[in-house]
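**Q** what's the 3D shape of this:
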Amino acid sequence: MTKRTAVIVAVALAVTACSDGHRPTAPPSLTSSSTSGPVADPQPTPVETAPIQDTLGQARGAWKDTGVFGDDPIYMRSVAAPGPRDAWAVGSAADESAGIVKHWDGRRWRSVKPPGKNGRNGLEVVSALSSSDVWVFGQDGDVWRREGVGWSHKGRPGRIANLNDAVVIGPREVWVAGRMDDESQSPVVARWSGASWVTVPAPFAGEVTSLSADSRRQLWAMGVGADNVPAVARWDGERWQALPLPDRLHSQQVTLKRIVAASPGKAWIAGVFHIRDSKRYEPGFVMYWNGRDWQSLDAPSPDAFQPPGSGIYSEFGTIVSDGRGGLWLGDEHGRIWHYDGRKWWPEKTPPDTSWFIASDFASIPGSRRAIAVGSQPEAEEDSVGWIWLRHPIAVN
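**A** Numbers count the residues shown, from 1 in each chain. Next up, the predicted model:
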């Protein structure tokens, strides 16, 4: 199982956002150091616990299973929607040997022949600049581009053997992050210039686990720094600039899950605090970089994200930008929430979807609909892949 589907136990917490027309309540600021200067491990800064939001809003969306898959064991990893009637989803067979590509034309999903020799490549990420320019990235680091019909191989950058993440900023700027399959498992970051791959110095001592880019093509990276502690950095066009993390996050007892670029110069991070007592909740968190410092964020009551019964944990399946200043959030119990820049709204999901983990979301341009993909990995060899489509609910 890849990093993207690894289980990270958490109680889901809320975020704030830079919103289109909304004026979210500003969470408390956190003191932090300047972000200029050479690449270095972030310096710790204080963080305070945010106030708790007692209730969630009324459901505004309902998700329905598209019925794409049968009983074949599948992991679905990533989805992209470049147009109102155009979406791509990728994944792999449960043994991670065969790639899976699905295309949506606005009415139904159809299978597309995957790239690579005999399609024997598990796929991790899909990104689409347009309906005729689609990129897919294999778990082993291979990259393909689809321009019109058919795939063209774009190599395996920087001797990557295990891909962690990839982001397509433009046809001449694509970034990948992963590691070599050697004794040191050295981190690799590489950039596509339009003709070839160029290896870029990694921003951290350890791996880069998540990449994201904002509307102005500013790149963000999240990963592991020296002493195996979390780290965040931003690419300024020439070099990496480290962003100091608060004290509470600068610890081996914290795992960062994903970074999501917001408006230019701003970003969210999400992760989990680990605790020794496995019978207790391991609290999750989402924090917001406002361009100057980190802000802790208001949180729904943990009970709102916790299923009935004791000893059952909640996990961040993923957080993803909704493209409108908010976020999508999914957990390991088949539940989804939407943050609109002001508050969280629970979404209605298909029945009997306990332990369905969302891997990725994509908002459909020009609408309030969205697509979610994921798996039900109760056992690796029997994972059930799924694709859900969101329909808005009228609210009085």
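**Q** who does the one helix or strand Ala89 maps to pair up with?
**A** Applying DSSP states H and E as the criterion places Ala89 in strand 86-93. Using DSSP bridges, strand 86-93 pairs in its sheet with strand 74-83 (antiparallel), strand 99-104 (antiparallel).
**Q** and the longest one, which residues are buried?
**A** By neighbour count on 16 or more other C-beta atoms under 10 Å, the buried set for strand 74-83 is Ile74, Tyr75, Met76, Arg77, Ser78, Val79, Ala80, Ala81, Pro82. Quick note: C-beta positions are derived from backbone N, CA and C, even for glycine.
**Q** the nearest residue to the first one once chain neighbours are set aside bridge partners, please.
**A** Which is Ile74. Closest residue to Ile74 apart from its sequence neighbours, by C-beta to C-beta, 6 or more residues apart in numbering: Gly385 at 3.1 Å. Beta bridges link Gly385 to Ser375 when assigned by DSSP bridges.
**Q** what are the boundaries of the strands in the stretch 251-396 of the chain?
**A** With strands called from DSSP state E, counting those that start in this stretch, the stretch 251-396 of the chain shows them at 254-261, 267-273, 284-289, 294-296, 299-300, 316-321, 327-331, 336-339, 344-346, 357-363, 370-376, 384-392.
**Q** how about Pro115, secondary structure?
**A** Following DSSP: H, G, I helix; E, B strand; the rest coil, the label given to Pro115 is coil.
**Q** repeat that for the one 10 residues further on.
**A** When classified by three-state DSSP, Val125 comes out as strand.
**Q** please name the residues that touch it.
**A** Arg77, Ser78, Val90, Val136, Phe137, Leu163, Asp165, Ala166 (C-beta atoms under 8 Å, 6 or more residues apart in numbering).
**Q** how much space between the fourth one and His153?
**A** Between Val136 and His153 the distance, using C-beta to C-beta, to the nearest Å, works out to 11 Å.
**Q** compare those two (neighbour count), which wins?
**A** Counting neighbours by other C-beta atoms under 10 Å for Val136 and for His153 shows that Val136 has the greater number, 28 against 12.
**Q** what residues are bridge-paired with that one?
**A** Going by DSSP bridges, Val136 forms beta bridges with Val126, Trp144.
**Q** can you list contacts of the host helix or strand of Leu163?
**A** Using DSSP H and E, Leu163 maps to strand 162-170. The contact list for strand 162-170, computed with C-beta under 8 Å, 6+ apart, reads 2-4, 124-125, 127-129, 135, 137-141, 143, 174-179, 181, 207-213, 217, 219.
**Q** inside strands: which ones of those?
**A** Here DSSP state E is the test, and the contacts of strand 162-170 give 124-125, 127-129, 135, 137-138, 143, 174-179, 208-213, 219 as lying in strands.
**Q** re earlier: need the residues touching each of Val136 and His153.
**A** Pro115, Val143, Trp144.
**Q** wait, the second one touches Gly178, no?
**A** The one in question is Val143. No: with contact defined as C-beta atoms under 8 Å, Val143 does not count as touching Gly178 (11.1 Å).
**Q** of those two, who's got more company?
**A** More crowded of Val143 and Gly178, by other C-beta under 10 Å: Gly178, with 30 against 25.
**Q** so that one sits right up against Ala161, yeah?
**A** Yes: between Gly178 and Ala161 there is a contact under C-beta under 8 Å: 7.2 Å.
**Q** could you tell me which residues touch both of the two?
**A** When contacts are counted by C-beta under 8 Å, 6+ apart, the set common to Gly178 and Ala161 consists of Gly141.
**Q** what's stretch 175-191 in contact with?
**A** With C-beta under 8 Å, 6+ apart as the criterion, stretch 175-191 contacts 137, 141, 143, 157-167, 169, 173-174, 192, 197-204, 206-209, 211, 213, 219, 221, 223.
**Q** where does this protein dip in pLDDT?
**A** The chain contains residues with pLDDT under 70 at 1-57, 118-120, 182-184, 275-283, 297-317, 378-381, 396.
**Q** what residues of stretch 198-212 count as buried?
**A** Val200, Ala202, Pro203, Phe204, Gly206, Glu207, Val208, Thr209, Ser210, Leu211, Ser212.
**Q** dump the residue contacts of the nearest residue to Glu124 once chain neighbours are set aside.
**A** When the adjacent residues along the chain are set aside, Glu124 lies closest to Gln139, with 4.8 Å between them (C-beta to C-beta, 6+ apart). Gln139 makes contacts with Thr2, Ser92, Glu96, Asn121, Gly122, Leu123, Glu124, Asn162, Leu163, as judged by C-beta under 8 Å, 6+ apart.
**Q** out of those, grab the one that's most surrounded.
**A** With neighbours taken as other C-beta under 10 Å, the top of these is Glu124, carrying 31 neighbours.
**Q** how many neighbouring residues does the closest residue to Ala202 other than its chain neighbours have?
**A** Using C-beta to C-beta, 6+ apart and skipping residues adjacent in sequence, the residue nearest Ala202 is Pro187, 4.4 Å away. Pro187 has 23 neighbours, counted by other C-beta under 10 Å.
**Q** and for His103?
**A** Residues near His103, counting by other C-beta under 10 Å: 16.
**Q** before we move on, what about Ile371?
**A** Residues lying near Ile371 (other C-beta under 10 Å) number 23.
**Q** please apply the same query to Ala358.
**A** Ala358: 28 neighbours (other C-beta under 10 Å).
**Q** right, and it touches Ile319 too?
**A** No: Ala358 is not in contact with Ile319 according to C-beta under 8 Å; the separation is 9.7 Å.
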